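S.K.: I would like the atomic coordinates for the input below:
(2 chains)
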Number of protein chains: 2
Amino acid sequence: MPNLRLALGQIDPWVGDIGRNCDEVVRWAREAAAAGAQVVGFPEMVVTGYPVEDLALRESFVEGSRAALVGLAERLGTEGLGGLAVVVGYLGRSRGGRPQNCAAVLYGGRVVSRFAKHYLPNYGVFDEYRYFVPGDQLAVVRLHGVDIALAVCEDIWQDGGRVAAAGQVKAGLLLTLNGSPYERNKDDVRLALVRERAAEAGCAVAYLNMVGSQDELIFDGGSMVVDRAGEVLARARQFEEQLLVLDLELPAASDEHEDGAELADGLKLQRIGLGGEPQERPEPPQVGEIAEPLDDEAEIWAALVSGTRAYVEKNGFRSVLLGLSGGIDSALVAAIATDAVGAENVYCVSMPSRYSSQHSRDDAAELARRTGVHLRTVPIAGMFDAYQEALGLTGLAEENLQSRLRGTLLMAVSNQEGHLVLAPGNKSELAVGYSTLYGDSVGAYGPIKDVYKTLIFRLARWRNAVAAERGETPPIPENTISKPPSAELRPDQVDTDSLPDYELLDAVLDLYVEGDQGRDAIVAAGYPAEVVDRVVRLVDTAEYKRRQYPPGPKISVKAFGRDRRLPITNRWRRG
Amino acid sequence: MPNLRLALGQIDPWVGDIGRNCDEVVRWAREAAAAGAQVVGFPEMVVTGYPVEDLALRESFVEGSRAALVGLAERLGTEGLGGLAVVVGYLGRSRGGRPQNCAAVLYGGRVVSRFAKHYLPNYGVFDEYRYFVPGDQLAVVRLHGVDIALAVCEDIWQDGGRVAAAGQVKAGLLLTLNGSPYERNKDDVRLALVRERAAEAGCAVAYLNMVGSQDELIFDGGSMVVDRAGEVLARARQFEEQLLVLDLELPAASDEHEDGAELADGLKLQRIGLGGEPQERPEPPQVGEIAEPLDDEAEIWAALVSGTRAYVEKNGFRSVLLGLSGGIDSALVAAIATDAVGAENVYCVSMPSRYSSQHSRDDAAELARRTGVHLRTVPIAGMFDAYQEALGLTGLAEENLQSRLRGTLLMAVSNQEGHLVLAPGNKSELAVGYSTLYGDSVGAYGPIKDVYKTLIFRLARWRNAVAAERGETPPIPENTISKPPSAELRPDQVDTDSLPDYELLDAVLDLYVEGDQGRDAIVAAGYPAEVVDRVVRLVDTAEYKRRQYPPGPKISVKAFGRDRRLPITNRWRRG
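M.R.: As a prediction, the model looks like this:
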């Protein structure tokens, strides 16, 4: 069987920065050529970044992408990379002028093949029917005697389509370009899917994903190649840019179907021959790396760090600012931020009120000592008194005031010094509205907004254990982890005064939010009716707060934000 | 030709309040029966309210809607309304178990016909591919010798489909149930469309829209009936609940196609005979009201008032709170709020700083005097000094601090007294980010967030003129309208220090935001390149602020929010 040396460019495109993205493709293509690859793939819409949302509706942006594609092909030719087949995703246009999620093959200084994604996802975080019209071709590239069938992302998540068509034409390899957002355990789902599709298509499958992050979405990489029997031949590391290179022995191309033939789901075969003689497998062959998948906590941590780093960097900031209460949420955010941008770029403010305990101040100081982040203390008593003198607030209004004074203080420091503010809210709080709008919710990015409180504790312990293993100082003070959570907005307050125990709360939230189960179904699953009723009501009536919350990294199957789109005005009270 | 007495129930369903909505259908059906109608229509998804967004994905909600439909039919029967054909929209389910945007005919105490929307909109504010699978039938009800073909909203906005099928079966009337959101001048577009469809189907068309408001969307009613020649036979008032009743002489039903026949676009005829002899036209016949459409300003004003009233009421509030600066934006919001919930429920706070001019304080007081809203004054100097003592802020940080102190103050009063806070930001400001996050942007609802500054001035003058015509006191002080706009956050500041003149700014914004034109196209249209570059950059980099802004009524073709979904992280700088 002929040999093909394949490279997968698992890189991080930036939305809108077409110039930078094309530079990156050239840089990595150069590496692929240096490694002897004959073909190199890059992710879905690598030219524009992904997802571009309503930028896809802007004529000037579509034309910018299309022009850049042609320029990229020419440049690869000029730079002596014309002999390498480069497969890239870009934003294109249908014959009728509608935007399309496209991919192209660049070879010999030219764009030699273009096609559009066939299946468009329109669920969860995806809205591709809003933007794109589907493609209707199966693009196949014949290179060194091997037929490579091409696909984009959703094309392999649905039955039939290009997977079936690749099988019909007896392709040697199915190469699919992805922009597949991270969710917990999704790498296992992807591996099972890719194996199944390899069996269905009867050929090896190369699954290429991007890394980096775009607003709420994290891309975790984990690109892989499996042979037709489902054996993993190569697997890239998660959350890291990497060029995965390997030799593949693949079946010789078949001429059973002619170019233009009609295949499964009405797809038309569009085959292009790039030439090259079939090649012998070199000895020794280039074997692909097979990276071990990260375990659950490590994977989530990497997602949160990667999302935070990308948001800060891509939005032009160098440093972050957050309030440090001594509690576990802000401590975890500080630890994530430290891993993301370095302790020297993390600025913290302790803002004690008269209700703040001494242990809270001590725990905040201890965290700064352990991590090396900057910490200053600004008591809010003076501001509090000034408001109280004018307004004489009581109860919840008095509690919220303290939180908002801190929010205003953080924003003032941010404006004065130019740091990006991180919001410390977790998913349990956001779900039940246990946060103060314009108070602890202020910020440009919420690193743990999709992390339930019980998972916060697990991650804190895990991060400390990793540090201990490495012989480093665990970042989070033990007392911060072990003390009962409290907002400290009135004397002796603890979270359980007004909320169920977090184990119970998170279990109910998991059924209601991620599971979309109704109230009756959750009660039937064995949870106390009064707790379920209360939680459902709290979640429903807090939608207005979530709508004004900053974005943050999605790690769950249903993150608040793009994933879960409920009306604010909503009188449904039965879950 | 047989006569049919048709009633259109132009009512306001509340999202999620299935019990209330069914009560309302019964109440209005009773009126229709009392008026002698033989058939009465209610809006798209009247049972659940519209749009329900991700509630459609919740099993318990879909089942709640389906059960309510059956209960509603029974109740209509029990209440002696079984002889009236009642057509209602509801949330249903396909044979495969997927949610559908359905409608049903209730007659004789039973659900006698069910069908689903055929064309699903998935652009602008609509995401119906996310939720629904399309229907594939043409439901026709034969009543008193007339065939009534039924359709839902988008079904008549696209070519072919049910319009063509209604023509094939020679229906006497095409009745279409809508949840069609308001946009400026959309009533003219709808009228032209309905006329065109009447010609295509070769029959009268009854277009029934809802009124009220759901989060960002306003429903303006304006239901109408046109005959096959396009003549308007009846037109309901805009923004008001109303039962429109009229006699129609319609062609007798044709048996050319059998029940189950295949029609245009693969639709299957599903005809049900409800009986009743063909009836003579009564003398005198019931003639439908033909309401005059509102003029541009009146229509926009009604939309803003209607949206504000609905948001307050449906979210369980009775009163609103806003900061009154003496400037035109907050003055206009106060006037809208007064018309929406009554002056006695409008609470205002004047929050002068040392940079506030005497005329601003006077103008705020004058507005309160004219409108009768509550006004208190709380100077922010004490709070300001407390922050400055701790932080020593300068420049922009000092300006923003004042705005945030006011935001915190308003939220404190809101928490203490239970008012819903209104945000005074206009579309020009929101577009270029000329507002302070957590400052003047705080609020649950932004009544003028989709209104450009130039239009703010027009509306203020218009509202004053209307008052003068009615012999009432014009609400907005003349000085508020005539003085140069200023944020008054530093000495002698005016908006034009940092922004182009509003006429120019709004013209560029109109091309960039509503028109989705790129930078080059706007410059080519004759606008100064340096202004366009600056505006494009300001708009692009303010996306993070808009994402945290409260909802407000959509009046334009492209409102910020559901309509315009751009990434926050976005490096595209060429418009």
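
S.K.: what's the helix or strand containing residue A:398 packed up against?
M.R.: If you go by DSSP states H and E, residue A:398 is part of helix A:395-417. Contact analysis of helix A:395-417 by 3 or more CB pairs under 8 Å, 6 or more residues apart in numbering or on different chains; DSSP states H and E lists strand A:320-323, strand A:346-350, helix A:381-391, strand A:420-421, helix B:381-391, helix B:395-417 as its packing neighbours. In short, each C-beta sits where N, CA and C put it, glycine included.

S.K.: please identify the deepest-packed of those.
M.R.: Of the helices and strands packed on helix A:395-417, the one with the most neighbours on average (mean count of other CB atoms under 10 Å in any protein chain shown) is strand A:320-323, at a mean of 26.

S.K.: so the helix or strand just after that strand, near chain B or not?
M.R.: Next helix or strand after strand A:320-323 toward the C-terminus (DSSP H and E): helix A:328-341. No: Helix A:328-341 is not in contact with chain B by CB under 8 Å from any CB of the partner chain; minimum separation 14.9 Å.

S.K.: check which helices and strands helix A:328-341 sits against.
M.R.: In terms of contacts (3+ CB pairs under 8 Å, 6+ apart), helix A:328-341 is packed against helix A:296-314, strand A:320-323, strand A:346-350, helix A:358-371, helix A:453-469, helix A:478-482.

S.K.: pull out the buried positions in it.
M.R.: By neighbour count with 16 or more other CB atoms under 10 Å in any protein chain shown, helix A:328-341 contains the buried residues A:328-341.

S.K.: cool, and stretch A:358-368?
M.R.: Buried residues in stretch A:358-368 (16+ other CB under 10 Å): A:360, A:361, A:363, A:364, A:365, A:366, A:367, A:368.

S.K.: CA atoms only: put it into PDB for me.
M.R.: C-alpha atoms of stretch A:358-368 as PDB (Å, rounded to 0.1, in the frame of the first residue of the first chain):
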ATOM      1  CA  GLN A 358     -10.100  38.200  60.600                       C
ATOM      2  CA  HIS A 359      -9.600  34.800  59.100                       C
ATOM      3  CA  SER A 360     -10.900  36.100  55.800                       C
ATOM      4  CA  ARG A 361      -8.300  38.800  55.700                       C
ATOM      5  CA  ASP A 362      -5.600  36.300  56.800                       C
ATOM      6  CA  ASP A 363      -6.600  33.800  54.200                       C
ATOM      7  CA  ALA A 364      -6.500  36.400  51.500                       C
ATOM      8  CA  ALA A 365      -3.000  37.500  52.600                       C
ATOM      9  CA  GLU A 366      -1.900  33.900  52.800                       C
ATOM     10  CA  LEU A 367      -3.000  33.200  49.300                       C
ATOM     11  CA  ALA A 368      -1.000  36.200  48.000                       C
END
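
S.K.: residues contacting it, please?
M.R.: A:324-327, A:330-331, A:334, A:348, A:350, A:352, A:373-375, A:377, A:475-477, A:479-480, A:483, A:488 (CB atoms under 8 Å, 6 or more residues apart in numbering or on different chains).

S.K.: need the helices and strands packed on helix A:328-341 in CSV with mean pLDDT and distance to residue A:446, can you?
M.R.: Below are the helices and strands packed on helix A:328-341 laid out as CSV (pLDDT from 0 to 100; distance: least, CB to CB, whole Å):
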stretch, mean pLDDT, distance to residue A:446
helix A:296-314, 98, 10
strand A:320-323, 98, 10
strand A:346-350, 98, 16
helix A:358-371, 95, 19
helix A:453-469, 98, 13
helix A:478-482, 96, 19
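
S.K.: phi, psi of the spatially most central residue of chain A?
M.R.: For chain A, the residue nearest the mean C-alpha position is residue A:218 (1.1 Å; CA atoms, centre = their mean). Here is the backbone geometry of residue A:218 (degrees, to the nearest 10): phi -110, psi 140.

S.K.: I'd like the distance between the residue lying closest to it once chain neighbours are set aside and chain B.
M.R.: In space, and not counting its chain neighbours, residue A:218 is closest to residue A:182: 4.2 Å by CB to CB, 6 or more residues apart in numbering or on different chains. Counting by CB to the nearest CB, to the nearest Å, the gap from residue A:182 to chain B is 16 Å.

S.K.: repeat for residue A:424
M.R.: 16 Å.

S.K.: including distance to residue B:463, could the helices and strands packed on helix A:395-417 go into a markdown table?
M.R.: Below are the helices and strands packed on helix A:395-417 laid out as a markdown table (distance: least, CB to CB, whole Å):
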| stretch | distance to residue B:463 |
| --- | --- |
| strand A:320-323 | 43 |
| strand A:346-350 | 45 |
| helix A:381-391 | 32 |
| strand A:420-421 | 39 |
| helix B:381-391 | 33 |
| helix B:395-417 | 24 |
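
S.K.: out of these, nearest to residue B:79?
M.R.: For the helices and strands packed on helix A:395-417, the distance to residue B:79 is smallest for helix B:395-417, at 42.5 Å, taking CB to CB.

S.K.: relative to helix A:395-417, how tilted is the closest one?
M.R.: Relative orientation of helix B:395-417 versus helix A:395-417 (axes from the mean of the first three to the mean of the last three CA atoms, to 10 degrees): 170 degrees.

S.K.: what pLDDT, on average, does helix B:395-417 get?
M.R.: Confidence for helix B:395-417, expressed as mean pLDDT, is 97.

S.K.: wait, a strand at residue A:100?
M.R.: Yes: counting by DSSP: H, G, I helix; E, B strand; the rest coil, residue A:100 is found in a strand.

S.K.: these two touch, right, it and residue A:117?
M.R.: Yes: counting by CB atoms under 8 Å, residue A:117 is a contact partner of residue A:100 at 7.3 Å.

S.K.: which residues do these two both contact?
M.R.: A:132, A:135.

S.K.: and the closest residue to chain B within the stretch 201-350 of chain A, what is it in contact with?
M.R.: Closest approach between the stretch 201-350 of chain A and chain B, counting by CB to the nearest CB: residue A:314, at 4.8 Å. Applying CB under 8 Å, 6+ apart, we find residue A:314 in contact with A:14, A:15, A:213, A:214, B:569, B:571.

S.K.: ok, now residue A:75?
M.R.: The contact partners of residue A:75, taken as CB under 8 Å, 6+ apart, are A:22, A:26.

S.K.: of all of the stretch 1-150 of chain A, which residue lies closest to chain B?
M.R.: Closest point on the stretch 1-150 of chain A to chain B, by CB to the nearest CB, is residue A:60, at 2.6 Å.

S.K.: just say helix, strand or coil for that residue.
M.R.: helix.

S.K.: unless I'm mixing things up, it is touching residue B:574, no?
M.R.: Yes: Residue A:60 sits in contact with residue B:574 when judged by CB under 8 Å, with a separation of 6.3 Å.

S.K.: find the residues that touch each one of those two.
M.R.: B:518, B:519, B:520.

S.K.: quick one, what contacts the first one?
M.R.: So that's residue B:518. A:58, A:59, A:60, A:61, B:574, B:575.

S.K.: do the same with residue A:519
M.R.: A:532, A:533, A:536, A:574, A:575, B:60.
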